[in-house]
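Asker: Sequence and predicted model, in that order:
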Amino acid sequence: MDATNPVEILLVEDNPADVELTLRALKKHNLANQVQVVSDGAQALDYLFGTGAFSGQNKPRPPKVVFLDLKLPKVDGREVLKRMKSDEQTRTIPVVVLTSSQEESDIVASYKLGVNSYVVKPLDFDKFVESVAELGMYWLLLNQAPV
């Protein structure tokens, strides 16, 4: 993605089926044109901070929202959230935890780390698609973020 086609959603998800469902839901509502997908927490941090595979590229504008799974390889979602919310350049990027975990400890820890929303992935296909579409519409179209 370049400055003329900025990323609006950074999708951090290691399950290919969930990536496909999420992209399908966003596409159905014309929200999938500017999505960057990364499959682990290390890639997410590299993208957000312009390091690793994303170093040396023109620094992209930050995404409007990050959809973040918690259970990730390399660096887990809690650590990604912690790093994002503790850094001046990424602190204001809204983060939605989109996960299968209904554990109270995960919910509490995520909010203590500064998550903006915590959504448990519905198991039903239609409800999953509806939930992702609603999240996309809210965070991309309704929410007013600082520039």
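Answerer: Everything's here; your move.

Asker: how about the residue of the chain positioned farthest from its centre, what does it touch?
Answerer: Of all residues in the chain, G56 has its C-alpha farthest from the mean position, at 22.6 Å, by C-alpha atoms, centre = their mean. G56 makes contact with no residue under the criterion C-beta atoms under 8 Å, 6 or more residues apart in numbering. C-beta: built from backbone N, CA, C; applies to glycine.

Asker: swap the cut-off to 10 Å and go again
Answerer: By C-beta atoms under 10 Å, 6 or more residues apart in numbering, the contact set of G56 is G50.

Asker: and it, that's in a helix?
Answerer: No - counting by DSSP: H, G, I helix; E, B strand; the rest coil, one finds G56 to be coil, located in no helix.

Asker: For it, give its distance to D40.
Answerer: Separation of G56 from D40 (C-beta to C-beta, to the nearest Å) stands at 20 Å.

Asker: repeat for L68
Answerer: 11 Å.

Asker: Which one of these two is surrounded by more residues?
Answerer: A direct count of neighbours by other C-beta atoms under 10 Å for L68 and D40 places L68 higher, at 26 against 19.

Asker: Mind pulling up the pLDDT for the more buried one?
Answerer: Looking at L68, its pLDDT is 96.

Asker: quick one: contacts for it?
Answerer: 10-13, 41, 44, 76-78, 80-81, 84, 95-99, 110, 115, 118.

Asker: So in terms of bridging, what pairs with it?
Answerer: V12, V97 (DSSP bridges).

Asker: Strands of the protein, residue ranges please.
Answerer: 9-12, 35-38, 65-68, 95-99, 117-120 (DSSP state E).
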